[in-house]
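Sequence first, predicted model second:
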Amino acid sequence: MEEGTDEFGRVYKAYYGDVFKAVYHKASDRQTAEDITQDTFVAAFKLGEEFLAHPQPKLWLLRTAHNKLCEQYRKAKRWGTEPLEECQELAAQDCHYGEIELDLAAVATITEAEWRMVKAYHVFGTSIAEIARSEAVTENNMRVRLFRSRKKLKDGIAR
């Protein structure tokens, strides 16, 4: 497990800042962002080798953090432990319904691979360089793919 622990340490150092920023952007509360980020990495550590073998660990971490934040807001809404104004945005909507609807609409317009790429860049904040590496293409090629996918998506929505 020591080798896995070292590898997990590298993943933690590489992605902690990205996960924290994404959560803090949505929560606007430093303590909540730190707690959610911590919980996310604990969940990844519990998965062990299964997590380390994931093809896109950053995306897994960001999605897990998002889900944990939604779960916290749902609990806060149910128990009334947070002031309404702090969770109004997320409490007004079911965290997953809008995402599912958006995913279905997007995949009806562009391919799933194109949608994953667009979400990685625009939703999760993954850099073009990282997406290009994961797709084994050049950064310029990835920029072109993103441009074309966004155009197809825009044209499909405008119909």
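Good, I have the coordinates. Residues are numbered from 1 along each chain as shown.

Tell me the first helix or strand C-terminal of the top helix by length along the chain.
The longest helix of the chain (DSSP state H) is helix 2-27. For helix 2-27, the following helix or strand on the C-terminal side (DSSP states H and E) is helix 30-47.

Buried residues in that next one, which are they?
Buried residues in helix 30-47, counting neighbours by 16 or more other CB atoms under 10 Å, are found at T32, A33, D35, I36, T37, D39, T40, F41, A43, A44. Heads up, the C-betas are built off the backbone N, CA and C, glycines and all.

Determine which two of those are furthest apart.
The largest distance within those, taken as CB to CB, falls between T32 and A44 and amounts to 18.8 Å.

For the one helix or strand R148 maps to, which outside residues touch it?
Mapping R148 onto the secondary structure by DSSP H and E places it in helix 139-158. With CB atoms under 8 Å, 6 or more residues apart in numbering as the contact definition, helix 139-158 has outside contacts at 105-106, 108-110, 114-115, 117-118, 121, 128-129, 131-132, 135, 137.

go with 10 Å
Residues from elsewhere that reach helix 139-158, judged by CB atoms under 10 Å, 6 or more residues apart in numbering: 105-106, 108-111, 113-118, 120-122, 127-135, 137-138.

list the contacts for Q56?
For Q56, the residues meeting the contact criterion (CB under 10 Å, 6+ apart) are L62, R63, R116, A120, F124, T126, E130, I131, S134.

quick one: pLDDT of the third one?
Looking back up the chat, that one is R116. In the predicted model, R116 carries a pLDDT score of 83.

And for A105?
Each residue has a pLDDT score; the one for A105 is 67.

again with P57
What the model reports for P57 is a pLDDT of 88.

ok, the spatially closest residue to P57 that is not a sequence neighbour - contacts?
By the measure of CB to CB, 6 or more residues apart in numbering, the closest residue to P57 outside its immediate chain neighbours is V11, 5.6 Å from it. By CB under 10 Å, 6+ apart, the contact list for V11 reads F41, A44, F45, F51, L52, H54, P57, K58, L61.
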